[in-house]
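Q: here is the input, now give the coordinates:
(2 chains)
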2 protein chains.
Amino acid sequence: MALNIIQPTLLLDKQKALNNIKRMSEKARLNGMAFTPHFKTHQSAEIASWYKTFGVSKIKVSSLKMARYFAKNGWENIVLAFPLNILEIPEINELAQKVKLDILIVNKEALIALKNQLTTAIGFYIEIDTGYHRTGIPPREIDLISTLIRKAKENQLLHFQGFYCHAGHSYHLDSPEDFKLNFQQSLDALNHLKSIFIPQNKHLKISFGDTPFCSVFEQFKGVDEFGPGNFVFYDLTQQKIGSCHYENIAVAMACPVIAIYPERNQIVVHGGGVHFAKDFLVNKNGQAIYGKVAAFAPGNPKGWGKPIEDIELTGISQEHGTLSATNAFISKTKIGDILSILPVHSCMTANAMGEYLTLDGEKLKMMK
Amino acid sequence: MALNIIQPTLLLDKQKALNNIKRMSEKARLNGMAFTPHFKTHQSAEIASWYKTFGVSKIKVSSLKMARYFAKNGWENIVLAFPLNILEIPEINELAQKVKLDILIVNKEALIALKNQLTTAIGFYIEIDTGYHRTGIPPREIDLISTLIRKAKENQLLHFQGFYCHAGHSYHLDSPEDFKLNFQQSLDALNHLKSIFIPQNKHLKISFGDTPFCSVFEQFKGVDEFGPGNFVFYDLTQQKIGSCHYENIAVAMACPVIAIYPERNQIVVHGGGVHFAKDFLVNKNGQAIYGKVAAFAPGNPKGWGKPIEDIELTGISQEHGTLSATNAFISKTKIGDILSILPVHSCMTANAMGEYLTLDGEKLKMMK
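A: Numbers count the residues shown, from 1 in each chain, chains lettered A, B, ... in the order given. The predicted structure is shown next:
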């Protein structure tokens, strides 16, 4: 590897990330949707700037801290895509003086607190729960939704934007039939709400965006704003779901080999929970895995290729990573080698690392 | 809660932490052992300073970055308690000019690389694997250990310090008999090595320190340096093992309630994987849990009490935490309330958060 790596380092293949952004922006364009990507995955002003060439001007973030960071870095149209934390209303008022800010509402208590404490114009989406069951209002609760929209109109600073849906159950649908059915049901439910509420709310939009559904399907009936987040990097979880191929995964952790144990088919690297975070998948033997070693790409000494079969990160502690490996792989590996490991969940891995090294040797900072 | 909390905040009960440090330092003193705590758990110069009143001068860290941080903050005797990453030797040479530095050796390749590239005096421990099987040399490999000690003597800058053992299998021994047996076997193995090698290495020491064994047992035959890390805070994992009581857990995450779903017995808080990290325990129903809600302590509006039965953090995503809760608890809880949640693994939680708020309202920074 031509890069000078001596410690766990999160490598970013910029070209792969750009291709991922391009593919998703193209899908938005073909469907006539605004492309409103979520920036919680990369959390980086420099990576954010790449989206501008694809016409992105409105973005989503998952915390007030992140909203402030991107506001400071020149983004003027931000959806704080998280259910309103009523304790943050004073800070939200302040930020909304600087940028066009939208937040999510999932219950009457938060809407009323916002209505009473708001001092600056703000937009809100009602989050709709089409089956994920994390937060949001079920689409059948028409009365509650009506009440929220009506109550909001009592304060002229409060602007109803539409319905927001993160259909995160797309991560947990094992059969292709269920996957497709739930996607259709989510869109149907959102379109039904749209048809009910658009007569009194001409400008209401449907905002939709989870990486699995947005990656797999081509048509998004009725969706106005299209904005997944993870797709910029993808990861092993998305590959397993079918959202991407291994070749689309744009980040890999470079880890130095510190110990080799042929007698138990293990290699230990510097690279642990503080680097990868601890999301896991289950492999064919029922073991938890935290990453897969990728081969170096032929002809590209700086990049990486596909995962090598059966070389998996099966143990992780704070700083150590333990790989289960074949004899053949172990016999080629030396103390001090650098291995590239594809992460299970790139959002959490990027968050843990706090910076990237591109294959061209450029360091990209993230929000601190 | 009298503290002004509006976002996920890692609360630190300083008195509990001081009591935890005092208890462990007392155990070291009664056994005639040097107290050499591991600082990977708190990663904070301010918390580190608390140990000084208990006579601590030699510390352990788990990365070069952490070694540099504590060196910069006035610590002059540091064990980089991680198997030597040979790519870091130039940086290690540099740091060893400023402080007394020891590292761990687990194989011949690393020792030879170090011997050949060393420019500054450095100490090393041989890490012994008494059953954890992460890194280290099994105690039966007397020949390899002899070779390492002999080879090291070829370079006068390289000083053999003794045997280092993190008996991390103490985290995975379910029966009290196994727990005790493995503790005894670890100490017996280390003492056997000591008896073999002390004639030629008068000053060799046994360095021992995992939180479960060090918390549960009172006598540590032959141990010279006694240094667990997690004990300063403890956590739900340690409580489950029996290392501590709930009352000893010195950190809790304060999280705002953002949504309540009585129909599915859930409360959603702001507090997710980027705050808690994602270590989990399995509860009595076989569910993964990432934390337990603690009651507010009677008479102390700023602190917290014991966990409330059956109020557990059973779901976690990047920023959201989902609590499973009883009807009784849900009926008392309001949007905007702050709940205190005890973490499963305090080292990873502290690392994710990057700072603490003491119950007196003091912010304590960590290494960045």
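
Q: where is the longest helix in chain A?
A: Looking only at chain A and at elements set by DSSP state H, the helix with the highest residue count is helix A:176-197.

Q: next helix or strand past it?
A: strand A:205-208 (DSSP states H and E).

Q: could you dump that following strand to PDB, C-alpha only?
A: What follows is strand A:205-208 as a C-alpha-only set of coordinates in PDB (Å, rounded to 0.1, in the frame of the first residue of the first chain):
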ATOM      1  CA  LYS A 205     -44.200  17.000   0.400                       C
ATOM      2  CA  ILE A 206     -43.400  13.400   0.900                       C
ATOM      3  CA  SER A 207     -39.800  13.000   2.100                       C
ATOM      4  CA  PHE A 208     -38.600   9.400   1.900                       C
END
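
Q: what is that strand packed up against?
A: If you count contacts as 3 or more C-beta pairs under 8 Å, 6 or more residues apart in numbering or on different chains; DSSP states H and E, strand A:205-208 packs onto strand A:158-165, helix A:176-197, strand A:225-226. In short, each C-beta sits where N, CA and C put it, glycine included.

Q: out of the ones you listed, the one nearest residue A:288 is which?
A: Smallest distance to residue A:288 across those (C-beta to C-beta): 23.6 Å, for helix A:176-197.

Q: thinking again about what came up before, would you turn the helices and strands packed on strand A:205-208 into CSV with mean pLDDT and distance to residue A:285?
A: Below are those laid out as CSV (pLDDT from 0 to 100; distance: least, C-beta to C-beta, whole Å):
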stretch, mean pLDDT, distance to residue A:285
strand A:158-165, 98, 36
helix A:176-197, 98, 24
strand A:225-226, 98, 38
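
Q: could you export these as TSV, including mean neighbour count?
A: Shown next, in TSV, are the helices and strands packed on strand A:205-208 (neighbours: other C-beta atoms under 10 Å in any protein chain shown):
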stretch	mean neighbour count
strand A:158-165	22
helix A:176-197	17
strand A:225-226	22
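
Q: still on that earlier bit, ok, and what's touching the longest helix of chain A?
A: Contact partners of helix A:176-197, identified using C-beta atoms under 8 Å, 6 or more residues apart in numbering or on different chains, comprise A:128, A:130-131, A:139, A:142, A:145-146, A:149, A:162-163, A:165, A:167, A:169-170, A:173, A:204, A:206, A:208, A:212-213, A:216-217, A:220-223.

Q: so how far is that helix from its chain's centroid?
A: Between the mean C-alpha location of helix A:176-197 and the chain-wide mean there is a distance of 21 Å, by C-alpha atoms, centre = their mean, to the nearest Å.

Q: using PDB, write out every CA atom in it.
A: Listed in PDB are the C-alpha atoms of helix A:176-197, where the atom choice follows Å, rounded to 0.1, in the frame of the first residue of the first chain:
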ATOM      1  CA  PRO A 176     -37.600 -10.400  -1.300                       C
ATOM      2  CA  GLU A 177     -41.400 -10.600  -1.300                       C
ATOM      3  CA  ASP A 178     -41.700  -8.900   2.100                       C
ATOM      4  CA  PHE A 179     -39.100  -6.400   1.100                       C
ATOM      5  CA  LYS A 180     -41.100  -5.400  -2.000                       C
ATOM      6  CA  LEU A 181     -44.500  -5.500  -0.200                       C
ATOM      7  CA  ASN A 182     -43.400  -3.300   2.600                       C
ATOM      8  CA  PHE A 183     -41.900  -0.800   0.200                       C
ATOM      9  CA  GLN A 184     -45.200  -0.600  -1.700                       C
ATOM     10  CA  GLN A 185     -47.200  -0.400   1.600                       C
ATOM     11  CA  SER A 186     -45.000   2.500   2.800                       C
ATOM     12  CA  LEU A 187     -45.500   4.500  -0.400                       C
ATOM     13  CA  ASP A 188     -49.200   3.700  -0.500                       C
ATOM     14  CA  ALA A 189     -49.700   4.900   3.000                       C
ATOM     15  CA  LEU A 190     -47.800   8.100   2.400                       C
ATOM     16  CA  ASN A 191     -49.700   8.700  -0.900                       C
ATOM     17  CA  HIS A 192     -53.000   8.100   0.900                       C
ATOM     18  CA  LEU A 193     -52.100  10.800   3.500                       C
ATOM     19  CA  LYS A 194     -51.000  13.100   0.800                       C
ATOM     20  CA  SER A 195     -54.300  12.800  -1.000                       C
ATOM     21  CA  ILE A 196     -56.200  13.600   2.200                       C
ATOM     22  CA  PHE A 197     -54.100  16.600   3.300                       C
END
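
Q: who touches residue A:139 in this structure?
A: Applying C-beta under 8 Å, 6+ apart, we find residue A:139 in contact with A:128, A:129, A:130, A:189, A:190, A:192, A:193.

Q: which non-adjacent residue is nearest it?
A: Excluding its sequence neighbours, the residue lying closest to residue A:139 (C-beta to C-beta, 6 or more residues apart in numbering or on different chains) is residue A:189, at 3.9 Å.

Q: helix, strand or coil: sort out residue A:115 for me.
A: The three-state label given to residue A:115 by DSSP: H, G, I helix; E, B strand; the rest coil is helix.

Q: from what I can see it touches residue A:159, true?
A: No. Contact criterion C-beta atoms under 8 Å: residue A:115 and residue A:159 do not qualify, at 11.8 Å.

Q: what is in contact with those two at once?
A: When contacts are counted by C-beta under 8 Å, 6+ apart, residue A:115 and residue A:159 have residue A:152 as shared neighbours.

Q: give me the below-cutoff pLDDT ranges for the stretch 1-150 of chain A.
A: Scanning the stretch 1-150 of chain A for pLDDT under 70 picks out the ranges A:1-2.

Q: near chain B, which residues of it?
A: Residues of the stretch 1-150 of chain A lying close to chain B (C-beta under 8 Å from any C-beta of the partner chain) are A:5-7, A:40, A:62-65, A:82-88, A:91, A:106-107, A:109-110, A:113, A:133-135.

Q: try the stretch 251-368 of chain A
A: Residues of the stretch 251-368 of chain A lying near chain B by C-beta under 8 Å from any C-beta: A:256, A:258-260, A:264, A:268, A:270, A:273-274, A:277-279, A:315, A:317-320, A:322, A:334-336, A:347-348, A:351-352, A:368.

Q: among those residues, name the ones in strands.
A: Secondary structure from DSSP state E places A:256, A:258, A:259, A:260, A:268, A:270, A:315, A:320, A:322 of these in strands.

Q: how does chain A divide into domains?
A: For chain A, the domain assignment from automatic domain parsing gives the residue ranges A:76-228, A:245-365.

Q: can you report how many residues neighbour the closest residue to residue A:77 other than its chain neighbours?
A: Once its chain neighbours are removed from consideration, residue A:77 has its nearest residue in residue A:58; the separation is 4.1 Å (C-beta to C-beta, 6+ apart). Applying other C-beta atoms under 10 Å in any protein chain shown, we find 18 residues neighbouring residue A:58.

Q: tell me who's in contact with residue A:58.
A: A:34, A:36, A:77, A:78, A:79, A:225.

Q: farthest pair in those?
A: Between any two of these, the greatest separation by C-beta to C-beta is 13.9 Å, found for A:34 and A:78.

Q: so these two - more neighbours on which side?
A: For residue A:34 against residue A:78, the residue with the higher neighbour count under other C-beta under 10 Å is residue A:78, and the figures read 25 against 17.
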